[in-house]
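Novice: Provide a 3D model corresponding to the input given below.
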Amino acid sequence: MVFLLFEGTTFGLPDLYLRRTYRGQVMESGIVVREAIVGDSKAIAVLSGQLGYPASAEEIRERLVRLIIHPENCVFVAVGNGQIIGWIHAFHTFRLESQSFVEIAGLVVDENSRRRKIGKELVSSVIDWARQLSTASVRVRSNTKRHAAHEFYRHIGFNEVKDQKIFSLDI
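Specialist: Down below sits the predicted model:
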């Protein structure tokens, strides 16, 4: 694995911290997909709001730093005409009861750039990353209300395997 150093200070970390490299790829649509960097925080925050999860650029920056320094996570961005127009976050997870897998935690494409295969290309980048980890599957959870997302995942080859409820406890 190759490491690059990037400048920035977060969580009292030194001004330089490690980041995995993933060479940007020019995809079929002409969009470049590359690993996210801390400087992408503002654009990611705007897109997160479109997904229904508003956050400030600083909140995203803090989260992104944590994800970048943990190699079981990946965050890719889609760049078109010099602008970030989509992002995807996935993580490699281990369970006692089943084989490890990669799960897509979030995916959003700018509302003005949808239906141009950008989401599919972001998912393809995660699939490539999962193959490098030698994991057998990629999963995604999707809110029952997101019918368009369900159709998108079916269209690109995902199979629906179960319905479930998610329970949360504030602590």
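
Novice: Need the single longest strand in the protein, by residues.
Specialist: The strand that spans the most residues within the chain, counting by DSSP state E, is strand 83-93.

Novice: other SSEs contacting that strand?
Specialist: Other helices and strands packing on strand 83-93, by 3 or more Cβ pairs under 8 Å, 6 or more residues apart in numbering; DSSP states H and E, are helix 41-51, strand 73-80, strand 101-109, helix 118-132. Using the backbone N, CA and C atoms, a C-beta is placed for each residue, glycine as well.

Novice: deepest of these, which one?
Specialist: strand 73-80 (a mean of 22; mean count of other Cβ atoms under 10 Å).

Novice: Can you list the strands that that one pairs with?
Specialist: strand 32-35 (antiparallel), strand 83-93 (antiparallel) (DSSP bridges).

Novice: Select, out of the ones you listed, the one closest to residue 114.
Specialist: Closest approach to residue 114 among the strands paired with strand 73-80 (Cβ to Cβ): strand 83-93, 8.9 Å.

Novice: by how many degrees do the longest strand of the chain and strand 101-109 diverge?
Specialist: Counting by axes from the mean of the first three to the mean of the last three Cα atoms, to 10 degrees, strand 83-93 lies at 160 degrees to strand 101-109.

Novice: chain center to strand 83-93, what's the gap?
Specialist: 2 Å (Cα atoms, centre = their mean, to the nearest Å).

Novice: Quick check: buried residues in that strand?
Specialist: Buried residues in strand 83-93, defined by neighbour count with 16 or more other Cβ atoms under 10 Å: 84, 85, 86, 87, 88, 89, 90, 91, 92.

Novice: Report the contact partners of the third one.
Specialist: Which is residue 86. Residues near residue 86 by Cβ atoms under 8 Å, 6 or more residues apart in numbering: 31, 47, 77, 78, 107, 108, 109, 110, 113, 118, 119, 122.
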